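# coordinates for the following, if possible.
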Amino acid sequence: MIDAHHHLWDPSRREYPWMAGEVLDPIRRPYTVDDLRAVTKAAGVHATVLVQTVSSEEETAEFLATAAAEPVIAGVVGWVDLAAPDVADRLAALRGPLVGVRHQVENEPDDDWLLRPEIVAGLSAVASTGLAYDLLVRPAQLPAAAEVALRLPELRLVLDHAAKPPIAAGGWEPWASGVAALAARENVVCKLSGLVTEADWTGWEVGHLRRYTDHVLAVFGPERLLFGSDWPVCELAASYEVVLDAAVALTGSLSDAERLAVFEHNARRTYGLDAGGDPSSRG
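As a prediction, the model looks like this:
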């Protein structure tokens, strides 16, 4: 089993702007590799993808060093300044198991940020390296994401957290149609991740997530869906084990082969992960 989306952080060493506010106090503490080993071992997860948390190439370099020394972390989705004219050089300078790039587009006030010429050029540079690009977007930003997927068919795009559906409010549109339009692009896959924190943190049930998961399964299919825990953010609403159990329950209608794709093979293919998770075998 592969967890295609988790984080590590230490608020004593670095500022995390998205972590402001008392509501996030429960997770405002260091989460270390030791913590990761504990939760993944208990859950039977043998490999993970560590994802950036801030707009910092320094953090990315640290994550790559961590992954190179930690067998369970099979790859890193890092950050580079996509607007920089030397994106390709910046990517080449990052040493270690870099498998993708991400920017927290959800925090950009411009819903068309992804379509800015300098960003499209940066994404094209990402594609030329063979890396994936993780889309962290709000529902209103889905049309721009779909346009990027159309303009750059050579770029592998990974939709994080199913574009954050409005589960707690019981909302549906424009999320549902936006996700369907994005899924029509064959170069896009979607993570089954981050849903518990879009629901009511204290009162959610698996049934509250099912309508949204069923829609994602319908438009992407099990061959383009991958499991991610979004740990430790998920701890605001559920433990690692509970999130995994929910994902298993929500994919209960799939065949064994389809489940294997969602929980392992799709992540391996999307991010080009090695078979054994041995950092010595990676470039």
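# the protein: helices as residue ranges?
Assigned by DSSP state H, the chain shows helices spanning 33-43, 57-69, 87-93, 117-129, 142-151, 175-183, 206-220, 240-250, 256-260, 266-271.
# columns distance to Q104 on top of these, output as CSV?
Placement of C-beta: from N, CA and C, glycine included. CSV is the format used below for the helices of the chain (distance: least, CB to CB, whole Å):
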stretch, distance to Q104
helix 33-43, 21
helix 57-69, 12
helix 87-93, 17
helix 117-129, 13
helix 142-151, 14
helix 175-183, 18
helix 206-220, 21
helix 240-250, 21
helix 256-260, 30
helix 266-271, 19
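# tell me which of those sits nearest to G194.
helix 240-250 (9.3 Å; CB to CB).
# got a list of contacts for that closest one?
39-40, 42-43, 45, 192, 195-196, 206, 209-210, 213, 227, 229-231, 234, 238, 259, 263 (CB atoms under 8 Å, 6 or more residues apart in numbering).
# about what we covered before: just the helices of the chain: most buried one?
Of these, the one with the most neighbours on average (mean count of other CB atoms under 10 Å) is helix 266-271, at a mean of 22.
# so how far is that helix off the chain centroid?
Mean-position distance between helix 266-271 and its chain equals 12 Å (CA atoms, centre = their mean, to the nearest Å).
# circling back: between the helices of the chain, which one is nearest to W18?
Here helix 57-69 is closest among these (CB to CB), at 13.2 Å.
# distance between that closest one and the chain's centre?
That offset, for helix 57-69, works out to 17 Å (CA atoms, centre = their mean).
# ditto for stretch 194-208
Per CA atoms, centre = their mean, the centroid offset for stretch 194-208 relative to its chain is 18 Å.
# would you mark the buried spots in it?
194-199, 204, 206, 208 (16 or more other CB atoms under 10 Å).
# so can I have TSV of those showing distance to D81 and pLDDT?
Converted to TSV, the buried residues of stretch 194-208 look like this (distance: CB to CB, whole Å; pLDDT from 0 to 100):
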residue	distance to D81	pLDDT
G194	24	98
L195	30	98
V196	31	98
T197	27	98
E198	28	98
A199	34	98
W204	36	97
V206	39	98
H208	38	97
